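*Asks:* Fold the following for me, if possible:
(chains A and B)
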Amino acid sequence: MAPHLGHEEFFSSLSDLLSKTSQNARGSVFLTQKSLIDAAASSENTSSARPSILIRATDGNTNAPNPKNNKVQKKTASKAKLSTIVAPEDLEAFYTRYAEVCKAGMTGLKKRDRKKGKAKAKGGAKAAKA
Amino acid sequence: MPYLPTSQAYLEQSALLLEAYPNDTRITTKYNFPSSQKPKPAEESTTPTAPIASLTLKTYNPTSGICLKYRTNKAAEVGRLITSLGKLAGGASVAALGLGNAAAAPGAQAGGDVEMTDAPEEGTGSAAPTAKMEGNKGGKGKKKGGKGKR
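*Replies:* A predicted model of the protein is given here:
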């Protein structure tokens, strides 16, 4: 498995992955977060306040060989896999960036509807800023 | 695999699930485009609109088998949702999420002490969160009638 990336590297790769998916208008990006329970660390200090968070990102593009015919399939595109570890004290800063990257990258979602008159559009702009 | 009607309900239930099983509960965010479109009926009149992507949030705990989902396609929600996921990752309780949903979180508003008494109940078994979820489903019906979500 590829080593965990630093935060900066993770964010740049993630925004590439998201924008590529959005441009193609097909495919998926999976983002997973879970608390990282390190076996060695947890045996040492079981009472540690909070575990680090493991963040994974993948495009779900499986190229695993089919176990039935045991043939390695042609590698057309390899699966994109990114991961990083966030220490509990970095969570807030990380997620602020994370939210920004996701907002910027996920352009395939429905935009805010601005057809409903200018009064509403004004309110919408306000909400978007907040 | 229930889809929860609102992001608030999803986040609250996820917070409870994380509280009950902090170690092996995972949250997956899926950003995807619809996979297969109908074969084009060769109509020139239909404008080639881009497919609308959707964002699916899923909280899953393998030991209890509880799975909570929420799906949206609104770009406006992304920032708020991801920030909330950060709070969940940091171990925020229902009260700390600051959702201000009077209907679904009366205990959270009454004070921290009430919330604390809730927590052990969740931990005793998987039945408790499920029961709560069903309680929420009742709310879904009501809300759907009024709002006509999606």
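
*Asks:* How about the residues of chain B by chain A?
*Replies:* B:22-33, B:35, B:50-55, B:72-76, B:78-79, B:82-83, B:85-87, B:89-91 (CB under 8 Å from any CB of the partner chain). Quick note: C-beta positions are derived from backbone N, CA and C, even for glycine.

*Asks:* List buried residues within those residues.
*Replies:* The neighbour-count test (16 or more other CB atoms under 10 Å in any protein chain shown) marks B:25-33, B:53-55, B:72, B:74-76, B:78-79, B:82-83, B:85-87, B:89-91 as buried among the residues of chain B next to chain A.

*Asks:* next SSE after the strand or helix carrying B:Leu11?
*Replies:* Counting by DSSP states H and E, the element that carries B:Leu11 is helix B:7-20. Next helix or strand after helix B:7-20 toward the C-terminus (DSSP H and E): strand B:26-32.

*Asks:* now the next helix or strand after that following strand against strand B:26-32, angle please.
*Replies:* Using DSSP H and E, the helix or strand that follows strand B:26-32 in sequence is strand B:54-61. Taking axes from the mean of the first three to the mean of the last three CA atoms, to 10 degrees, strand B:54-61 and strand B:26-32 form an angle of 160 degrees between their directions.

*Asks:* ok, strand B:54-61: who's next to it in the sheet?
*Replies:* strand B:26-32 (antiparallel), strand B:66-72 (antiparallel) (DSSP bridges).

*Asks:* want to throw these into JSON lines with distance to A:Ile53 and mean pLDDT?
*Replies:* Formatted as JSON lines, those follow (distance: least, CB to CB, whole Å; pLDDT from 0 to 100):
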{"stretch": "strand B:26-32", "distance to A:Ile53": "10", "mean pLDDT": "94"}
{"stretch": "strand B:66-72", "distance to A:Ile53": "18", "mean pLDDT": "95"}
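
*Asks:* Would you mind putting those into JSON lines with distance to A:Thr107 alongside?
*Replies:* Below are the strands paired with strand B:54-61 laid out as JSON lines (distance: least, CB to CB, whole Å):
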{"stretch": "strand B:26-32", "distance to A:Thr107": "10"}
{"stretch": "strand B:66-72", "distance to A:Thr107": "15"}
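
*Asks:* low pLDDT regions in chain B?
*Replies:* B:1, B:36-49, B:96, B:98-150 (pLDDT under 70).

*Asks:* No more questions from me, cheers.
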